[in-house]
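>>> Sequence plus predicted model, see below.
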Amino acid sequence: MIRILLFAHLQDELGTESIEMDGEMTIKELKNNLLLDYPSLRLDSVMVAVNEEYALDDDIVKSGDTIALIPPVSGG
Amino acid sequence: MIRILLFAHLQDELGTESIEMDGEMTIKELKNNLLLDYPSLRLDSVMVAVNEEYALDDDIVKSGDTIALIPPVSGG
Amino acid sequence: MTNNLYEVIDTPIQVEELVQKVERREAGAITTFIGTVREWTKGRRTIYLEYHAYVPMAVKMLSKIGEEIESKWPDTQVAITHRIGRLDISDIAVVIAVSSPHRKAAYEANEYAIERIKQIVPIWKKEHWEDGETWIGDQLENVAYPSGKPTMEES
Amino acid sequence: MTNNLYEVIDTPIQVEELVQKVERREAGAITTFIGTVREWTKGRRTIYLEYHAYVPMAVKMLSKIGEEIESKWPDTQVAITHRIGRLDISDIAVVIAVSSPHRKAAYEANEYAIERIKQIVPIWKKEHWEDGETWIGDQLENVAYPSGKPTMEES
């Protein structure tokens, strides 16, 4: 099971702090799967972290990984 | 009477915090007078303030003014 | 007080504490940056803010920024604390402290830290205005989603 | 605590106090510069320092620097305190605090302040080394008069 953490407006839109997904896939595939389930989701400028490190579209995620969808940050 | 305040190494060299001078003169003349009395004094890089404002060589000082000889500063 | 150099906390930040964390006998200069909640942004009045964070990753990224700085400016020491939760006007959101033997590096490294925080640290600001609330969308503060919901017109 | 923005004092400087002096609802950024006594300068060990000042003029010049800044960077607010007397290693000699709506100005103005202090504020530092004492002669710290007495060879 892959755990996907949501933050900021993504958390508001999906009404939950995290969702789950099964399988092994690239970040790009994971994003596409999410868009199938939530067509209104804006993921263009969203970065993805795998186990608390930024990841690239071709990186592979698998069961046990914690993914975070990171909208443009606004700390500071 | 013109009061002349001394600081840092000038104070050490002359062994006093201030000296006095009579008359009305330019800053340049005042410096020359000082060098007559204290030939070893190094005044090249010394700035002069009149009544707590920096002054130029041609500015005139007169009785009642407070002069300060300001060696290169090293605060901060 | 902990001795952690990089922290995300939900209580007020003490500036002196960060200064103490970076003080060293070989340092001649310490710079701090204190980010506070501003009342007015582009003519719009903020009532209060909420900061949310992905805390473990935020701490990791702050620490990464510290490492970047210490490699770019040798002999510097960095400490950063970011506050999350509800903050009112003038409350301190972030403090960055940098010590260095010489002042130039202390200024440059400090400014680098705040720029990098606005790029890579997973912390988000929700502005509560007089007339609604907004997740602030990027470090340039120009992608805003009214009521947290992007609309079609915006995309 | 006084509310004077520009001070020369002979007691320890409290950083928080200067931060409070420049805090404003319209400020989003506050930078501080904290100048401390460094133990080593170019391989030579400092035991302690003495700062002397022409106090009334020093306060006037600090205030002038503040005016220069507030005209160059509109909407900034500046406070500066310099300590004089004997200072030990790590003691704070000077604190500059600048608040501004935006961070860029807060950094630039702060750095401008320390550069100007080293040019125009009548304060002098006497270094007490392990092997003697020296009046530090200019802001580049490269004109030194061993034992306070310039010798002929130096001129």
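Noted; the coordinates are in hand. Numbering: from 1, shown residues only, chains lettered A, B, ... in the order given.
>>> surely residue A:58 meets residue A:30?
No: counting by CB atoms under 8 Å, residue A:58 stays clear of residue A:30, with 11.5 Å between them. Backbone N, C-alpha and C define where each C-beta goes, glycine included.
>>> Which one's more surrounded, the two?
residue A:30 (24 against 9; other CB atoms under 10 Å in any protein chain shown).
>>> tell me the secondary structure for the more buried one?
The assignment at residue A:30 comes out as helix when based on DSSP: H, G, I helix; E, B strand; the rest coil.
>>> before we move on, what about residue A:44?
For residue A:44, the secondary structure call by three-state DSSP comes out as coil.
>>> Pull out the buried positions in the lowest-mean-pLDDT helix or strand in chain A.
Ranked by mean pLDDT, DSSP states H and E, the weakest helix or strand in chain A is helix A:8-14, scoring a mean of 94. Taking 16 or more other CB atoms under 10 Å in any protein chain shown as the neighbour-count basis, helix A:8-14 is seen to contain the buried residues A:8, A:9, A:10, A:11, A:12, A:13, A:14.
>>> Relative to chain B, how far out is the residue of chain A at minimum distance from chain D?
Sorted by distance to chain D under CB to the nearest CB, the residues of chain A start with residue A:76, at 8.5 Å. In this structure, residue A:76 lies at 28 Å from chain B, with CB to the nearest CB, to the nearest Å as the measure.
>>> What does the pLDDT read for that residue?
What the model reports for residue A:76 is a pLDDT of 95.
>>> Quick one: the strands in chain A, in order.
For chain A, the strands defined by DSSP state E occupy A:2-5, A:18-21, A:25-26, A:47-50, A:53-55, A:60-61, A:66-70.
>>> Nearest approach to residue D:90 belongs to which of those?
When the strands of chain A are compared by CB to CB, strand A:53-55 sits nearest residue D:90, at 37.1 Å.
>>> contacting residues around the closest one?
Contacts with strand A:53-55, where a contact means CB atoms under 8 Å, 6 or more residues apart in numbering or on different chains, come from A:27, A:47, A:48, A:49, A:61, A:70, C:57, C:60, C:120.
>>> Hmm, residue A:68 and the third one touching each other?
I take that to be residue A:48. Yes: assessed by CB under 8 Å, residue A:48 is found in contact with residue A:68 at 7.1 Å.
>>> Let's verify residue C:79: helix, strand, or coil?
Put simply, residue C:79 is strand when judged by three-state DSSP.
>>> residues touching it, list them.
Residues touching residue C:79, when contacts are defined by CB under 8 Å, 6+ apart, comprise C:5, C:6, C:18, C:21, C:22, C:66, C:96, C:97.
>>> Let's see that with 10 Å instead.
When contacts are counted by CB atoms under 10 Å, 6 or more residues apart in numbering or on different chains, residue C:79 touches C:3-7, C:17-23, C:32, C:62, C:66, C:95-99, C:113.
>>> Find me the pLDDT at the closest residue to chain B within chain C, would you?
Using CB to the nearest CB, the single residue of chain C nearest to chain B is residue C:103, 8.5 Å away. As summarised for this prediction, residue C:103 has a pLDDT of 97.
>>> Isn't it up against residue B:76?
Yes: judged on CB atoms under 10 Å, residue C:103 makes contact with residue B:76 at a distance of 8.5 Å.
>>> which one is the spatially most central residue of chain C nearest to, not counting chain neighbours?
Among the residues of chain C, the one closest to the centroid is residue C:94, at 3.9 Å (CA atoms, centre = their mean). Take residue C:94 and drop its neighbours on the chain: the residue closest to it by CB to CB, 6 or more residues apart in numbering or on different chains is residue C:35, 4.2 Å away.
>>> Cool, thanks, talk later.
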